[in-house]
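Visitor: Using only what follows, build the 3D model:
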Amino acid sequence: MDGVTLRRDAEHVAEIMLDRPEALNALSTAMARQLAAVGAEVAADPSVRAVVLSAAGEKAFCVGADLKERNAMSDAQILAQRPVFRAAFGAVLNLPQPVVAAVHGYALGGGCEFALSCDLIVADESAVFGLPEVAVGLVPGGGGTQLALRRLGPGRAADLVLTGRRLSIDEAQAYGLVDRKVPAGSAREEAMVIAAAIAANSPVAVRAAKRALRLGNGLSLDAGLDIEDNAWRTAAFSEDRREGIAAFTEKRKPNWPT
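Guide: Numbers count the residues shown, from 1 in each chain. The predicted model follows:
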C-alpha cells in the first residue's frame, strides 16, 4: 500500500500503521488517500471493536505533511490536496471504534494531529510532540487547533500552537497530551493491550460511550447528560446488554452477539 498497512487480529483489534519510515512517515498525497480508504474499510467492519494507530520505523511516529512534495506543488495543487488531507485526518478522527495511538519518536505537525485525533495516546520515552506549522507559514490543518484546545485547554493549546515549540514526553504528559508514558520501544505493545481490553467489552456499549464522550465535549452539562441518556438507551435495549447481564449472572465471559 502507499504508506499505510492494515492488520487485524483475533481479539477484534485492527492496527493501522503509518508505513513510510524512509520519510519518517511524512504524509504524502498518495499516503493520505490510502489512509482515508483504510479508515473507511475499518469503520465499516463490524468485527473490529478497537483500533491501534501505530507507525513503522524507529525514529518517528509521523513528522507531518511531506514538505518536499509540497515544495514542488503549485497553489492550485496545494488547494486540490487539501480535501485529500482532510479526509485522511477525518478517517482517524471519525472512526466509530475507540482508537489508541502508539507514539514513538517525532510526532510533529500532522503526526501530533493524528495522535490528537485518537481517543487515547500511549507514548514511549522517545516521543517528542509539536505543532510547528507557524514556523513555516502555515496553521495546523489536521484538526490541531481545535483538538489541542479541547484536550489541553486554551492556554496550553495557545502555547503549543503559537510558539511551535516541541514538548518532551514528560512535558507532554504533564500537559495532558499523553495519557500513558511507557518505556522506549513499548508504545505499540501497550496500545495493543489497551485495545484488546476495550475490544473485550460490549461493542454496542463501547461505541455508544465513545459517541457520548465526543459529542458531549464542550456542551453544557444538561446537554451532555441528554447525549449520555441517548447512549444509555442505545446500550440498555440491545442484545449486548442481555448477554452481558446473563454472562455476569452465570459467571462466564460474554459472547457478544454484535
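Visitor: Share the number of residues neighbouring the residue nearest to residue 64 when sequence neighbours are not counted, please.
Guide: Nearest non-adjacent residue to residue 64, counting by Cβ to Cβ, 6 or more residues apart in numbering: residue 109, 2.5 Å away. Bear in mind the C-beta positions are built from the backbone N, C-alpha and C, glycine included. Residue 109: 27 surrounding residues under other Cβ atoms under 10 Å.
Visitor: I'd assumed residue 134 was in contact with residue 109.
Guide: No: Residue 109 lies out of contact with residue 134 (Cβ atoms under 8 Å); the separation is 10.6 Å.
Visitor: Helix, strand or coil: sort out residue 178 for me.
Guide: coil (DSSP: H, G, I helix; E, B strand; the rest coil).
Visitor: Would you tell me which helix is longest in the chain?
Guide: Across the chain, the longest stretch assigned as helix under DSSP state H is helix 75-93.
Visitor: Distance from the following helix or strand past that helix to the middle of the chain?
Guide: Beyond helix 75-93 on the C-terminal side, the first helix or strand identified by DSSP states H and E is strand 99-103. Offset of strand 99-103 from its chain centre (Cα atoms, centre = their mean, to the nearest Å): 6 Å.
Visitor: Quick one: work out the angle between strand 99-103 and helix 75-93.
Guide: 110 degrees (axes from the mean of the first three to the mean of the last three Cα atoms, to 10 degrees).
Visitor: Quick one: low-confidence residue ranges for the stretch 1-150 of the chain.
Guide: Residue ranges of the stretch 1-150 of the chain with pLDDT under 70: 1.
Visitor: Now do the helices in the protein.
Guide: In the chain, the helices defined using DSSP H lie at 29-43, 67-71, 75-93, 110-116, 144-152, 154-163, 169-175, 187-199, 203-216, 221-236, 239-249.
Visitor: List the buried residues for the longest one?
Guide: If you call a residue buried by 16 or more other Cβ atoms under 10 Å, then helix 75-93 has these buried ones: 81, 84, 85, 86, 87, 88, 89, 90, 91, 92, 93.
Visitor: ok, so of the residues you listed, who is nearest residue 116?
Guide: residue 93 (8.7 Å; Cβ to Cβ).
Visitor: what's the distance between the closest one and residue 114?
Guide: 9 Å (Cβ to Cβ, to the nearest Å).
Visitor: picking up where we left off before, quick one: residues contacting the residue nearest to residue 64.
Guide: Applying Cβ atoms under 8 Å, 6 or more residues apart in numbering to residue 109 gives the contacts 63, 64, 65, 130, 131, 132, 133, 140, 142, 144.
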